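>>> Need coordinates for the below:
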Amino acid sequence: MSNPKTFPCAEGALRAPIAAVPACIKVRTWVLVAAVLGSTMAFVDESVVNVALPGIETDLHASLADMQWVINAYTLCMSALLLTGGAAADQFGRRLVFVIGICIFAIASIGCGLAMNASALVIARGVQGSGAALLVPCSLALIGAAYEPHERGAAIGIWSGASAIAAGVAPLLGGWLLDHSTWRMIFLINPILAIPTLWITLRRIPESRNADAPRGIDWAGALLAFAGLGCLVYGLVAASGAGPHRTEVLVALLASAVLLAGFIRVEQRSRAPMMPLELFHSRRFSGVNLLTLLLYGALGGAFFFLPFLLIQAFGHSATAAGAVYLPFTLILGVLSRWSGGLTDRYGARLPLMVGPSISALALLLLSVSASYAAVLASMSVLGFGMAITVAPLTATVLNAVPESRTGTASGINNAVASTGGLLLIALLGSICLVLFDGSLERHLAQAHASAGIRAAVQTARDGFVIPRFSAGLSAGDQRLAHQIVADALAGTIRTALRVAALLAFGSALIAAATIRSGLAAARPAASHGVSR
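Numbers count the residues shown, from 1 in each chain. This is a model prediction of the structure:
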């Protein structure tokens, strides 16, 4: 097969000889299996690491800012390079780039497991994000190449549902490993998944690429995006400790504005931009990406803080904390294929209004949950809301652009999703540290705490874990100090969850304002045009 534009069974499969149809179906099945396994590596890693954050912070004697970077190093590299990954898939071959991404991700996972300090872990996480930036858009691009436009909604539903189920089981397994072994073991999940994924991809999936893709990779744009987002995140994270008016914070934020402006300028002038700005001339494409930014920012922030609430404030085990993701992912997995079918029949506007609204309600319920059962119920509602949302959102992104731009479009949307989580974790983390310190002071004052208790509680600052208090304190004083820190943590995290709920509801309003009612428009016929 020389320089194929799509799989042989993508376009014209219904016109192929009858004998060829089973082979096409078989290839499509392998594509779905490989895409699910590959994307699961990235999704599993995100959910498992969230559950491990309190344990990592304690074991490495790190701060909340360090934990923000453990997440943000991954999402920063992923966000900045996803656009390049999508373009590289279209140009050099989706299978080739997919395989490279899997190898990078697996090797970096081993590095995470061997990290001896927070800095080493952050570096390894950044390399992981680079690998994810290649494999995630390629998993969708492989599906886009293998299926006709009218069949993609259901196929994407299967992909998102199966990936979500696997990613939902992972936190439970990761929590069990944390309770019975060490957080380092959770990173061995990825190399194990990489083995069958590579075998299937290399043995069962033909190469596909876009013969019309622009030549060359926009390295200047990738570097400016990485540096601009990095400076922005650094400024937001540093603001909690340095204060919003400290020189280093202002310099970082100013540098971010300059670098991101430079990124836009480069994309306007580049012959092969990784983020073609003309795609955003489409109201539908712009709207669904803004929706993605708000909704996935809300999810990223909520899932970052949830393990701290459950493990530190409520005192649950890591296994129990991992288990709360099960109803979310099981409901998402079971209903996603149904959701994809709704898009094919009724269009995307209604589900993209209803789904985020239900998700917002779930996050609000999560912020007032006072028991483990209430948390499980809230996560079930959140799973239902996201099940309605995910497949229509992805299908809308792919159908809003010409077929020659599907790899780039999926890269942009995944980058936007990662950027939403990246920015909200940085922003909410800084805000919550300030709120947490203030809450500690209020609880100390209300308890009329002694000097010994006050000194013990002060050791909890700059982190979201309850420290081991001095043996010099009496058992009663230790219990009071523990309760003060736990109550301050719970109140602070509930505020963060309410902010996330507002953002999720805002994403529903974006859908109402930017996506037309009725059936989703067909894919644009022009090779360089954009559907409105």
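
>>> The stretch 201-350 of the chain: helices as residue ranges?
Assigned by DSSP state H, counting those that start in this stretch, the stretch 201-350 of the chain shows helices spanning 219-242, 247-269, 283-307, 318-323, 325-346, 349-368.

>>> Same list (those helices) but as CSV, adding distance to residue 95 and mean pLDDT.
C-beta coordinates here come from the backbone N, C-alpha and C atoms, glycine included. Supplementary listing: those in CSV, determined by distance: least, C-beta to C-beta, whole Å; pLDDT from 0 to 100:
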stretch, distance to residue 95, mean pLDDT
helix 219-242, 22, 84
helix 247-269, 27, 90
helix 283-307, 26, 91
helix 318-323, 33, 88
helix 325-346, 24, 78
helix 349-368, 31, 93
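
>>> The host helix or strand of residue 485 vs helix 283-307, what angle?
Per DSSP states H and E, residue 485 falls inside helix 475-514. On the basis of axes from the mean of the first three to the mean of the last three C-alpha atoms, to 10 degrees, helix 475-514 is oriented at 170 degrees to helix 283-307.

>>> how close does residue 232 sit to residue 113?
30 Å (C-beta to C-beta, to the nearest Å).

>>> More neighbours: these two, which one.
residue 232 (23 against 18; other C-beta atoms under 10 Å).

>>> Confirm for me that the more buried one is in contact with residue 253.
Yes: when contacts are counted by C-beta atoms under 8 Å, residue 232 is listed as touching residue 253 (6.8 Å).

>>> related to what we said a few turns ago, tell me the average confidence for the helix holding residue 485?
Here helix 475-514 scores 89 as its mean pLDDT.

>>> from the middle of its chain, how far away would that helix be?
Distance of helix 475-514 from the chain centroid (C-alpha atoms, centre = their mean, to the nearest Å) equals 19 Å.

>>> Can you list the buried residues in that helix?
Neighbour-count burial for helix 475-514 flags 477-478, 480-482, 484-490, 492-497, 499-501, 503-508, 510-512, 514 (criterion: 16 or more other C-beta atoms under 10 Å).

>>> now stretch 445-459
Neighbour-count burial for stretch 445-459 [16+ other C-beta under 10 Å]: 447, 449, 452, 453, 454, 456, 457.

>>> Put together a markdown table for those residues, with distance to residue 43, pLDDT and secondary structure on each row.
Listed next are the buried residues of stretch 445-459 as a markdown table, based on distance: C-beta to C-beta, whole Å; pLDDT from 0 to 100; DSSP: H, G, I helix; E, B strand; the rest coil:
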| residue | distance to residue 43 | pLDDT | secondary structure |
| --- | --- | --- | --- |
| 447 | 42 | 77 | helix |
| 449 | 43 | 73 | coil |
| 452 | 46 | 80 | helix |
| 453 | 42 | 80 | helix |
| 454 | 43 | 81 | helix |
| 456 | 39 | 77 | helix |
| 457 | 37 | 77 | helix |
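
>>> quick one, what contacts the residue most central in space within the chain?
Centroid-nearest residue in the chain, with C-alpha atoms, centre = their mean: residue 418, separated by 4.9 Å. Residues near residue 418 by C-beta atoms under 8 Å, 6 or more residues apart in numbering: 75, 78, 79, 82, 296.

>>> could you redo the last one with a cut-off of 7 Å?
By C-beta atoms under 7 Å, 6 or more residues apart in numbering, residue 418 lies in contact with 75, 78, 79, 82.

>>> Mind checking which of these land in strands?
Per DSSP state E, strands hold no members of the contacts of residue 418.

>>> Which among the residues you listed count as buried?
For the contacts of residue 418, buried by 16+ other C-beta under 10 Å: 75, 78, 79, 82.

>>> nearest residue to the third one other than its sequence neighbours?
By that I understand residue 79. Leaving aside its chain neighbours, residue 79 sits nearest to residue 418 (4.0 Å; criterion: C-beta to C-beta, 6 or more residues apart in numbering).

>>> what is the orientation angle of the helix or strand hosting the one you found with helix 475-514?
Residue 418 belongs to helix 406-447 when assigned by DSSP H and E. Orientation of helix 406-447 against helix 475-514 (the same axes, to 10 degrees) gives an angle of 140 degrees.

>>> tilt between helix 406-447 and helix 219-242?
0 degrees.

>>> Quick one, grab the pLDDT at residue 117.
Reported pLDDT for residue 117: 91.

>>> So it versus residue 56, what's the distance?
For residue 117, the distance to residue 56 - C-beta to C-beta - is 11 Å.

>>> out of these two, which sits in the more crowded spot?
When residue 117 and residue 56 are compared for neighbours, residue 56 comes out ahead with 23 against 11, by other C-beta under 10 Å.

>>> does that one sit in a helix or strand, and which one?
Under the criterion of DSSP H and E, residue 56 resides in helix 20-59.

>>> mind checking how far that helix is from the chain centre?
13 Å.

>>> do the same with stretch 428-443
That offset, for stretch 428-443, works out to 26 Å (C-alpha atoms, centre = their mean).

>>> neighbouring contacts of it?
64, 68, 236-237, 239-240, 301, 457, 460-462, 484, 487-489, 491-492, 495-496, 499.

>>> ditto for stretch 287-299
Stretch 287-299 is touched from outside by 352, 356, 359, 363, 393, 396-397, 400, 412-413, 416-417, 419-421, 423-424, 500, 503-504, 506-507, 510-511, 513-515, with contacts defined as C-beta under 7 Å, 6+ apart.

>>> Please point out which parts of stretch 267-284 sit buried.
Within stretch 267-284, the residues that count as buried by 16+ other C-beta under 10 Å are 267, 270, 273, 274, 275, 276, 279, 282, 283, 284.

>>> which ones among those are found in strands?
Among these, no member falls in strands (DSSP E).

>>> In JSON lines, list these along with distance to residue 439.
Shown next, in JSON lines, are the buried residues of stretch 267-284 (distance: C-beta to C-beta, whole Å):
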{"residue": "267", "distance to residue 439": "43"}
{"residue": "270", "distance to residue 439": "48"}
{"residue": "273", "distance to residue 439": "46"}
{"residue": "274", "distance to residue 439": "43"}
{"residue": "275", "distance to residue 439": "41"}
{"residue": "276", "distance to residue 439": "46"}
{"residue": "279", "distance to residue 439": "44"}
{"residue": "282", "distance to residue 439": "45"}
{"residue": "283", "distance to residue 439": "43"}
{"residue": "284", "distance to residue 439": "43"}
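
>>> Name the nearest of the residues you listed relative to residue 202.
Closest approach between the buried residues of stretch 267-284 and residue 202, by C-beta to C-beta: residue 274, at 26.5 Å.

>>> Name all residues that make contact with that closest one.
Residue 274 touches 83, 84, 87, 218, 221, 222, counting by C-beta under 7 Å, 6+ apart.

>>> now the residue nearest to residue 79: how far from residue 320?
Applying C-beta to C-beta, the value for residue 418 to residue 320 is 28 Å.

>>> Give me the residue ranges of the stretch 101-250 of the chain where confidence is low.
Low-confidence segments of the stretch 101-250 of the chain, defined by pLDDT under 70: 149-150, 152-153, 160-161, 163-165, 167, 209-215, 241-245.

>>> quick one on the thing from earlier: quick one: the helix holding residue 418 to helix 20-59, angle?
Orientation of helix 406-447 against helix 20-59 (the same axes, to 10 degrees) gives an angle of 30 degrees.

>>> Helix 406-447 versus helix 247-269: what angle between them?
Using the same axes, to 10 degrees, helix 406-447 lies at 160 degrees relative to helix 247-269.

>>> Give the burial count for residue 264, as a bare number.
16.
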